[in-house]
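K.L.:
I would like to see how this sequence folds:
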Amino acid sequence: MLNSSDVHIARCEPCYGVASLDDAPELGQEVSRSRALVALRQLLASTAMDRANFGSRHWNPFGYCLGPGKCFVIKPNWVHHQNASGLGLDCLITHSSVIEAVIEYVALSKPKAIIVGDAPIQSCNFESLLRLSGLDEVFERLQIRGIPVEYRDFRLSTRPDGVWSSNRPTARSEMDYVRFNLGGASLLEPVSLKPSRFRVTMYDPRSLEQTHGQANHQYLIAREVVEADVVINLPKLKTHKKAGITGALKNLVGANGHKSYLPHHRKGSTGDGGDCYERVDPLRSIAEELLDRTNRSDAGLEKRLFGHAAGAVMKAGRILSGSFDVEGSWHGNDTVWRMVLDLQKILHYGKADGTLADTPTREIMNITDAIVGGQGDGPLSPEPAPFGFLSFGRNAAACDWVHTKLMGLDPNRIPLTREAFGSKSARLTNFAPNQIRVQTDQQTLSVDEAARSFGYRVKTPAGWRGHCESSIEMEQLAC
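P.N.:
Just a heads-up that it's a prediction; the model follows:
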């Protein structure tokens with residue numbers, strides 16, 4: 001059995017494209033050969049899953065947990081159909097070649113269904129995402145070969161006309177989700193004030209008041225995820241303005257069907273019970289009030305007027321101070337990590353009736369696309385980061401501890417990675433960070449040794465700069 005404190009790394013040239021793979025007898029001739037497939041094969045071989053059959057046509061690395069009749073969910077990162085930085089999709093979303101490579105190995109076990117799904121932000125055009133990423137061609141190729149793969153948009157509603165427009169329902173209904181209420185057991189409970197300060201920028205605060213408050217913490221999880229026998233979490237490794245990083249832990253946000261169940265920060269400064277910004281700031285307070293009025297208004301003249309007023313105040317703030325954030329995009333955000341770890345607890349222990357079991361209810365694996373990652377103002381406006389690796393691990397907390405170190409960051413200075421080990425109520429780990437080992441190239445390394453040998457020091461988001469970097473000297477990968 002795989003050790004949950006091990007994280008496996010396979011190096012790959014930091015770019016995507018066609019590659020030669022002559023010696024893969026377990027795969028048929030119709031399989032699309034890519035750099036991602038070569039790296040994934042190397043990665044899975046390093047785990048020693050089905051070691052006895054490696055090198056033969058019978059090798060099936062996922063066979064220990066998959067089999068005929070089982071339902072399998074792959075959860076990629078499909079946050080949006082365009083990168084706000086203008087620097088392309090390779091550093092924004094899980095690459096289509098990585099998704100295809102994972103499906104090829106999953107298909108060896110002949111599962112009943114393979115569902116690939118995510119809930120992008122509500123302004124994402126899902127059809128454009130599939131087309132621009134090449135995913136539509138991937139799914140067509142696989143379906144022609146008889147592989148039972150489907151893609152799903154997990155969103156309950158969208159905003160196709162932009163952030164100031166009204167929500168539009170999708171083809172999904174409440175029956176397509178399982179509602180969980182963690183109540184007082186939520187990690188958000190210690191910061192639940194009355195009246196509630198929880199916010200998601202551009203969303204109606206009244207909806208959050210209904211889903212999150214004292215002893216009331218609800219999440220709306222796609223039924224496909226809850227009813228799956230196996231979930232493969234397939235994130236894109238990036239820096240993140242609110243959480244510090246987004247990888248194996250935060251990728252589960254996309255299993256939730258609507259943003260009104262996902263607190264991202266708390267209104268106000270740290271001095272008055274919020275965590276949107278550090279010090280009391282009258283201009284930021286005005287901007288927050290205007291955003292609340294905008295988000296409470298129906299689409300129309302009133303919404304546009306308050307929206308333009310909020311935009312004008314934020315623009316003035318940027319002119320006066322050089323930076324002006326009212327989204328909780330800084331190292332003092334004490335809300336988003338709590339929400340993420342709540343979701344991870346549900347993934348591991350959630351049952352189809354909306355309750356939590358005492359033991360894990362499904363098999364979970366984490367395969368992270370860090371061939372080309374994202375740095376700077378992620379998750380929506382990243383710049384490419386040539387990490388040059390794929391990673392595999394059974395434990396998301398261990399994976400992101402390693403990922404953080406390989407990004408040149410200190411996991412103890414990022415609440416999400418620190419509290420994944422420190423918050424025992426999250427029930428995510430039964431080992432300490434110093435027990436994590438990195439397996440790569442037939443070597444066993446400590447996390448610091450791995451960071452020194454093939455880490456890449458990222459450009460951090462503005463609100464984290466100078467507050468999360470590691471002191472480890474690193475060799476930066478060259479593209």
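
K.L.:
going forward, measure contacts and count neighbours with C-alpha atoms only.
P.N.:
OK.

K.L.:
now do the contacts for Q375.
P.N.:
By C-alpha atoms under 8 Å, 6 or more residues apart in numbering, the residues touching Q375 are 238-239, 382-385, 458-461.

K.L.:
10 Å - rerun?
P.N.:
Going by C-alpha atoms under 10 Å, 6 or more residues apart in numbering, Q375 touches 91-92, 237-240, 245, 381-386, 407, 457-461.

K.L.:
next secondary structure after the helix or strand hosting it?
P.N.:
Following DSSP states H and E, the helix or strand that holds Q375 is strand 363-377. Next along the chain after strand 363-377, taking DSSP H and E as the criterion, comes strand 381-385.

K.L.:
so which other helices or strands are in contact with that next one?
P.N.:
Strand 381-385 sits against strand 236-240, strand 363-377, with contacts defined as 3 or more C-alpha pairs under 10 Å, 6 or more residues apart in numbering; DSSP states H and E.

K.L.:
need the CA coordinates for the first one. PDB is fine.
P.N.:
Presented in PDB, the C-alpha positions along strand 236-240 are these (Å, rounded to 0.1, in the frame of the first residue of the first chain):
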ATOM      1  CA  LYS A 236      -2.800  23.100 -11.800                       C
ATOM      2  CA  LEU A 237      -0.100  24.400  -9.400                       C
ATOM      3  CA  LYS A 238      -0.200  28.200  -9.100                       C
ATOM      4  CA  THR A 239       0.200  31.100  -6.700                       C
ATOM      5  CA  HIS A 240      -3.100  32.400  -5.400                       C
END
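
K.L.:
which outside residues touch the helix or strand following it?
P.N.:
Scanning forward in sequence from strand 236-240 by DSSP H and E, the next helix or strand is strand 244-246. Residues from elsewhere that reach strand 244-246, judged by C-alpha under 10 Å, 6+ apart: 77, 235-240, 252, 329-331, 333, 337, 374-375, 377-379, 400, 403-404, 407, 409, 411, 413-417, 460-461, 463-465, 468.

K.L.:
about what we covered before: can you tell me the strand partners of the strand holding Q375 and which way each runs?
P.N.:
Strand 363-377 has the following sheet partners, assigned by DSSP bridges: strand 230-234 (parallel), strand 236-240 (parallel), strand 381-385 (antiparallel), strand 389-393 (antiparallel).

K.L.:
so for it, mean pLDDT?
P.N.:
On average, the pLDDT along strand 363-377 is 97.

K.L.:
equivalent analysis for stretch 133-148, please.
P.N.:
95.

K.L.:
quick check: buried residues in it?
P.N.:
Buried residues in stretch 133-148, defined by neighbour count with 16 or more other C-alpha atoms under 10 Å: 133, 135-136, 138-139, 141-142, 147-148.

K.L.:
which of those residues fall within helices?
P.N.:
Mapping these onto helices (DSSP state H) picks out 133, 135-136, 138-139, 141-142.

K.L.:
could you export those residues as a markdown table, including distance to A287?
P.N.:
Formatted as a markdown table, those follow (distance: C-alpha to C-alpha, whole Å):
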| residue | distance to A287 |
| --- | --- |
| S133 | 36 |
| L135 | 39 |
| D136 | 41 |
| V138 | 44 |
| F139 | 44 |
| R141 | 49 |
| L142 | 49 |
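
K.L.:
among the residues you listed, which pair sits farthest apart?
P.N.:
Greatest spatial distance in these: S133 and L142, 15.7 Å, computed using C-alpha to C-alpha.

K.L.:
who's in contact with the residue lying closest to L87 once chain neighbours are set aside?
P.N.:
The shortest distance from L87 to any non-neighbouring residue, by C-alpha to C-alpha, 6 or more residues apart in numbering, is to E383 (6.3 Å). By C-alpha under 10 Å, 6+ apart, E383 lies in contact with 83-92, 238-239, 372-377, 458-459.

K.L.:
and the residues you listed, which of them are buried?
P.N.:
With burial judged by 16+ other C-alpha under 10 Å, the buried subset of the contacts of E383 is 83-84, 88-92, 238-239, 372-377, 458-459.

K.L.:
quick one on the thing from earlier: for N181, which of the strands paired with strand 363-377 is the nearest?
P.N.:
That would be strand 230-234 among the strands paired with strand 363-377, by C-alpha to C-alpha, at 21.5 Å.

K.L.:
only the buried residues of the closest one, if you could.
P.N.:
230-234.

K.L.:
repeat for stretch 284-304
P.N.:
Of all the residues in stretch 284-304, those buried under the rule 16+ other C-alpha under 10 Å are 284-285, 287-298, 303-304.
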